[in-house]
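S.K.: sequence and predicted model, in that order:
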Amino acid sequence: MESKNLLIGPNIYGELLQGCVYERNVFLGQQIHAKIIKSGEFIVKNEFVGAKLVVFYAKCDVYEGANNLFCRLSEKSVFSWAAMIGLYCRKGFCELALLGFCEMVGDGIMGDNFVIPNVLKACGGLQVVGFGKGVHGYGLKMGFGRCVYVGSSLIDMYGKCGVLDDAQKVFDDMLERNVVTWNSMIVSYVQNGMNKEAIGVFCDMRMEGIEPSHVTLVSLLSACANLCVREEGMQGHAISILIGLDIDNILGSSLINFYSKVGLIEDAELLFSMMSERDVVTWNLLISCYVQCDYVKRALDLCQLMRLEGFSFDSVTLASILSASAGSNNLTLGREAHGYCIRNDLVLDVVVASSIIDMYANCERILEARTVFNSTMKKDLVLWNTILAAYAEKGLSGETLSLFYQMQLEGVPPNVISWNTVILGFLRNGKVNEAMDMFSEMKSLGLEPNIITYTTLITGLAQNGSNNEAIAQFREMLEAGIRPNNVTIIGVLTACTNTCSLLQGRAIHGYIVRHNICLSIMLATSLVDMYAKCGNLHLMKKVFDIVSTKELPLYNALVSGYALHGCALEALSLLKHLQKEGIEPDSITFTGVLSSCSHAGLVKEGLEIFVDMVSNHESKLSMQHYGCVVCLLSRCGNLQEALRLIITMPFEADSHILGSLLAACREHNEVELGECLAENLTKMEPGDSGNYVALSNAYAASGRWDKMSKLRSSMKEKGMRKSPGCSWIQIGSELHAFVSGDVCHSQIKEIYTTLALLRMEMQLMGFTESLLIFSKKLYINISSLYLAWRGYTIHLSMKCIYSIGCWKVMVDSLNIERGLDCLVEVKIKYPSENTRR
């Protein structure tokens with residue numbers, strides 16, 4: 001046209017610029033812009049050309065050029081506003097996008113179906129749901145209620161703001177839905193952790209006949225990976241193949257991530273090898289997969305291959321290598337990775353710095369971790385939380401608290417993670433009161449505890465013996481509407497086990513059933529252990545039976561339960577079943593079986609198992625196994641054999657083994673051997689009164705009252721006191737504890753009266769005086785029985801089972817015999833009909 005001297009008008013320039021927009025050809029567009037400037041003021045000041053230039057630069061993401069031209073426009077049209085608002089959103093300037101929309105509406109320019117979606121995108125980016133609802137109302141007034149683009153943007157906005165009910169309502173009200181609409185709904189659910197709902201929407205989409213896109217399948221795979229559901233994710237992979245989608249970097253990375261998280265490592269490797277193009281993200285995913293599965297050598301080999309193919313390590317790669325170093329306590333590898341970070345200026349990256357600190361802390365180099373932290377110039381919240389966690393994990397609560405206050409002095413406000421870490425530090429150090437004070441202070445400042453807060457608190461309280469407080473915190477968590485995870489439930493079950501609270505344990509089991517919580521191996525093991533230690537063998541076995549895929553920890557819990565109750569035949573049968581199923585028993589399995597044989601007096605069977613261990617499982621032999629056999633021989637009177645085993649075993653005998661033999665000396669009147677053992681025990685544990693008490697009982701059993709009296713006097717001179725026995729029962733929600741010699745119970749008069757009546761009745765039934773003397777020692781348990789007669793179920797803590805006539809009394813015998821620990825459900829047989837009534 002120029003060669004023919006034809007005049008080029010505004011419309012022609014507008015079309016040329018539009019063509020550059022389609023091609024995203026910035027260079028050619030700038031040449032056209034230069035030609036426009038040379039054409040004179042008539043073209044330059046033309047509003048149509050000016051608007052087209054703004055649209056061109058905005059669509060090509062040239063921010064300065066677009067912004068300068070936009071500011072010079074005397075009249076701004078809806079098209080130029082749409083282009084600029086879209087540019088603001090793409091550049092992350094969401095505030096400018098919203099301010100621009102307000103200015104546009106204020107100037108009387110009505111937004112169209114291009115402006116509104118961009119404004120909604122800015123609302124989602126800033127998570128200002130109030131403004132978004134205003135734009136929603138504006139769109140309805142402007143008649144865009146049925147526009148599929150506006151509807152999809154509304155779903156995306158509500159999803160990013162976490163208002164899923166409104167997103168679903170918009171979705172349900174739409175008459176027309178395209179693949180973008182479905183994608184927006186699926187992505188919204190995945191972003192908010194509602195993965196099951198996301199998979200459900202995908203299934204509905206397939207039923208509607210909508211063909212999924214790359215975005216659809218990436219979101220589906222993310223949901224499946226989060227839920228660790230193999231079948232649905234593999235179906236998504238199959239669909240991508242059937243509809244002919246290319247396995248590009250994004251879809252390929254999503255597939256590798258899915259296969260890694262569901263444990264199909266070989267499939268992840270196969271997919272990785274099939275990908276024609278790989279970026280750093282793809283490499284990092286497989287390296288991270290290896291690290292998470294503790295395949296450190298494979299991860300390092302892949303890192304080497306990655307370098308050979310010309311890729312450089314980024315911060316994510318180094319974070320994975322440092323994580324592998326921390327997990328394997330490989331300080332040498334960690335220091336090499338640290339050196340690489342220094343040489344390549346990666347230590348400035350907060351993620352890398354946090355990984356280095358974590359690596360040194362896990363390798364027991366807390367001072368080096370602190371040095372890295374101090375040398376980091378820009379300390380953000382993540383870095384502070386990392387160093388807090390490093391000290392808290394070691395139980396260094398004082399230093400953790402000091403850092404917690406220091407971060408606030410340096411202008412970094414703590415978040416929930418920071419508070420959780422300080423609470424963990426106190427609990428690791430056994431400072432329960434301080435942990436509870438921090439928890440209360442956290443709530444008073446308006447910070448809502450999350451699931452990790454409650455899990456940390458419940459688990460820590462249970463580990464520190466504050467079991468009732470742990471159960472109370474679990475109740476508080478449920479009242480706050482926070483759903484517990486498996487770790488939380490295992491923590492509160494531990495508290496129930498420690499307090500022998502069958503009632504609370506069954507209530508938590510009921511919660512698991514009502515809320516369809518997946519019964520993982522760890523959770524099932526905790527339930528089996530709880531029922532065993534609370535004396536309910538029927539429910540213990542029932543939980544074991546309902547688990548379809550059983551692993552060794554679950555078998556061990558059942559074996560230990562049988563051992564606890566002296567069910568040796570059942571434990572032996574279970575060991576044979578394990579061997580039949582081809583499951584290799586470990587040291588815990590053998591400990592349980594040997595312990596059950598010891599309790600039941602099955603010498604032959606116990607020795608056969610021990611011989612089998614020596615012959616075929618020597619590597620699994622430990623002090624505990626020798627202790628069980630010593631106890632087994634001692635109980636059956638083979639004290640010399642037990643002593644010979646102690647002398648010949650490859651370990652130095654500890655106090656538990658010698659103590660069990662000392663207890664047997666009392667039963668079999670082996671006073672000389674008992675004296676020798678007691679002498680050794682007092683050297684090993686000079687402050688343990690139990691050793692003196694055991695020897696004193698041996699003297700009493702053999703009628704050597706003078707020596708017993710002398711030993712008791714010696715204990716008094718040394719300030720030693722016998723630890724009082726204790727038992728308790730739960731009646732309803734109230735726990736009644738009875739300590740020997742305690743007269744503080746509200747019903748103590750009735751208890752003593754009942755005890756006197758029982759003594760009289762036992763005399764009438766012909767019980768000997770010695771047994772009556774012993775019955776006085778059972779005061780605490782008789783007291784418990786009295787309360788049980790009031791019509792309640794009784795569960796007692798005990799360590800030894802004694803039979804007195806036709807009474808079956810479960811006794812807490814902490815000071816009577818060492819080495820036993822069991823709790824059973826008591827079924828009382830009464831001496832007479834009068835007593836029963």
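M.R.: Done, it's in.
S.K.: now for Val593, how many residues are close by?
M.R.: Applying other C-beta atoms under 10 Å, we find 29 residues neighbouring Val593. All C-beta spots, glycine's among them, are computed from the backbone N, C-alpha and C.
S.K.: so what touches the helix or strand that contains it?
M.R.: Assessed by DSSP states H and E, Val593 sits inside helix 587-600. With contact meaning C-beta atoms under 8 Å, 6 or more residues apart in numbering, helix 587-600 is reached by 552, 555-556, 559-560, 562-563, 566-572, 575, 578, 602-603, 605-606, 609-610, 613, 617, 620-622, 624-625, 628-629, 631-632, 635, 820, 822.
S.K.: give me that answer again for 7 Å
M.R.: Helix 587-600 is contacted from outside by 555-556, 559-560, 562-563, 566-568, 571-572, 575, 578, 605-606, 609-610, 613, 620, 622, 624-625, 628-629, 631-632, 635, using C-beta atoms under 7 Å, 6 or more residues apart in numbering.
S.K.: excluding chain neighbours, give the residue nearest to the residue most central in space within the chain in space.
M.R.: When C-alpha atoms, centre = their mean is applied to the chain, the residue found nearest the centroid is Val487 (5.0 Å). Nearest residue to Val487, sequence neighbours excluded (C-beta to C-beta, 6 or more residues apart in numbering): Thr455, at 5.3 Å.
S.K.: centre of the chain to the one helix or strand the one you found maps to, how far?
M.R.: Taking DSSP H and E as the criterion, Thr455 maps to helix 451-463. When C-alpha coordinates are averaged (C-alpha atoms, centre = their mean, to the nearest Å), helix 451-463 and its chain have centres 10 Å apart.
S.K.: kindly report the same for stretch 600-616.
M.R.: Stretch 600-616 has its C-alpha centroid displaced from the chain centroid by 39 Å (C-alpha atoms, centre = their mean).
S.K.: identify each buried residue in it, please.
M.R.: Ala600, Leu602, Val603, Glu605, Gly606, Leu607, Ile609, Phe610, Met613 (16 or more other C-beta atoms under 10 Å).
S.K.: any idea how far the second one is from Cys636?
M.R.: So that's Leu602. Separation of Leu602 from Cys636 (C-beta to C-beta, to the nearest Å): 9 Å.
S.K.: which strands or helices does the lengthiest helix in the chain pack on?
M.R.: Looking across the chain with DSSP state H, the single longest helix is helix 748-764. Judged by 3 or more C-beta pairs under 7 Å, 6 or more residues apart in numbering; DSSP states H and E, helix 748-764 is in contact with helix 769-777, helix 779-788.
S.K.: do that again at 10 Å, thanks
M.R.: If contacts are counted by 3 or more C-beta pairs under 10 Å, 6 or more residues apart in numbering; DSSP states H and E, helix 748-764 sits against helix 769-777, helix 779-788, helix 833-836.
S.K.: before we move on, what SS does His656 have?
M.R.: The three-state label given to His656 by DSSP: H, G, I helix; E, B strand; the rest coil is helix.
S.K.: ok, it touching Gln624?
M.R.: Yes - His656 is within contact range of Gln624, at 8.7 Å (criterion: C-beta atoms under 10 Å).
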